[in-house]
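*Asks:* Pasting the sequence and the predicted coordinates here, then a few questions.
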Amino acid sequence: MPYLRVLLFLIAIIASLLTSPGVSLAAERTIVFAAASLKTALDEIASAYREETGVRIVPSYAGTSILARQIQQGAPADIFISANTEWMDWLAEQDAIQPDSRIDLLSNDLVLIASEKERASISFAEGFDLAGYLGDRRIALALVDAVPAGIYAKAALTSLGQWESITPKAAQTDNVRAALRLVATGEAALGIVYGSDARAERRVSIVHVFDAG
């Protein structure tokens, strides 16, 4: 789906959420807690939505786990866009969301990215020795025990038999956009992020798309 159509689709979804039965929002401002990977798209959506309706969307970006805990503790979010279902399930168990407002909205790819210096020298394939390639350099990941992108990265590397060797070289960050920045600035040679993150940053290249299985 072309990028503009995706934006228009998301605007329509947010509009439907704003008008859902039982959802009571301020007339001029809507606070949206969203996974950090949504920043590029949601900033555009917020601008377009304000032009169309006059309602100001105020996004708050962070790792999904951080946002979920803030909501559970009473943070005033009108809409929460999570990067995985487990944290949304947790909030539902805490009676912190309106169950009838919940929908599955988007999916994404998990990708291995390289910095500008690395992009020409790596060709990831089955059996590739990732730890050996890195040497004393780092691979950037979101927190593997809490942040969805990090959880998925660990699962992918474990499935490929590479997690144990990679662990000492992992630079873990609070959210996936922070991992992206480490690679973009050259502080980490490689990183694992969402495909949408990689496409929003010109200084990195996608070198592998992990199979969904």
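*Replies:* Great, that's in hand.
*Asks:* what about Val111, helix or strand, and which?
*Replies:* Using DSSP states H and E, Val111 maps to strand 110-115.
*Asks:* and for that strand, what are the contacting residues?
*Replies:* Strand 110-115 is touched from outside by 122, 124, 149, 152-153, 156, 180, 183-186, 188-195, 198, 203-210, with contacts defined as C-beta atoms under 8 Å, 6 or more residues apart in numbering. The way it works is simple: take the backbone N, C-alpha and C, and place the C-beta from them, glycine included.
*Asks:* Please work out the average pLDDT along it.
*Replies:* Across strand 110-115, pLDDT averages out at 93.
*Asks:* ok so, going back, going through the contacts of strand 110-115, which ones are buried?
*Replies:* Burial by neighbour count, 16 or more other C-beta atoms under 10 Å: within the contacts of strand 110-115 this picks out 122, 124, 149, 152-153, 156, 180, 183-184, 188-195, 198, 204-208, 210.
*Asks:* Now the element after the helix or strand of the chain with the lowest mean pLDDT, going C-ward?
*Replies:* In the chain, no helix or strand scores lower on mean pLDDT, DSSP states H and E than helix 3-18, which sits at a mean of 57. Heading C-terminal from helix 3-18, the first helix or strand you meet, by DSSP H and E, is strand 29-35.
*Asks:* most centrally placed residue in the chain?
*Replies:* For the chain, the residue nearest the mean C-alpha position is Ser37 (3.3 Å; C-alpha atoms, centre = their mean).
*Asks:* Do I have it right that that residue meets Val176?
*Replies:* Yes - here Ser37 reaches Val176: they are 5.0 Å apart, a contact under C-beta atoms under 8 Å.
*Asks:* shared neighbours, these two?
*Replies:* Common neighbours of Ser37 and Val176 (C-beta under 8 Å, 6+ apart) are 83, 149, 193-194, 197.
*Asks:* With distance to Gln94 and pLDDT as new columns, can the residues you listed be given to me in a markdown table?
*Replies:* Formatted as a markdown table, the shared contacts of Ser37 and Val176 follow (distance: C-beta to C-beta, whole Å; pLDDT from 0 to 100):
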| residue | distance to Gln94 | pLDDT |
| --- | --- | --- |
| Ala83 | 18 | 87 |
| Ala149 | 23 | 94 |
| Val193 | 28 | 97 |
| Tyr194 | 26 | 94 |
| Asp197 | 28 | 91 |
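*Asks:* Great, nothing more from me.
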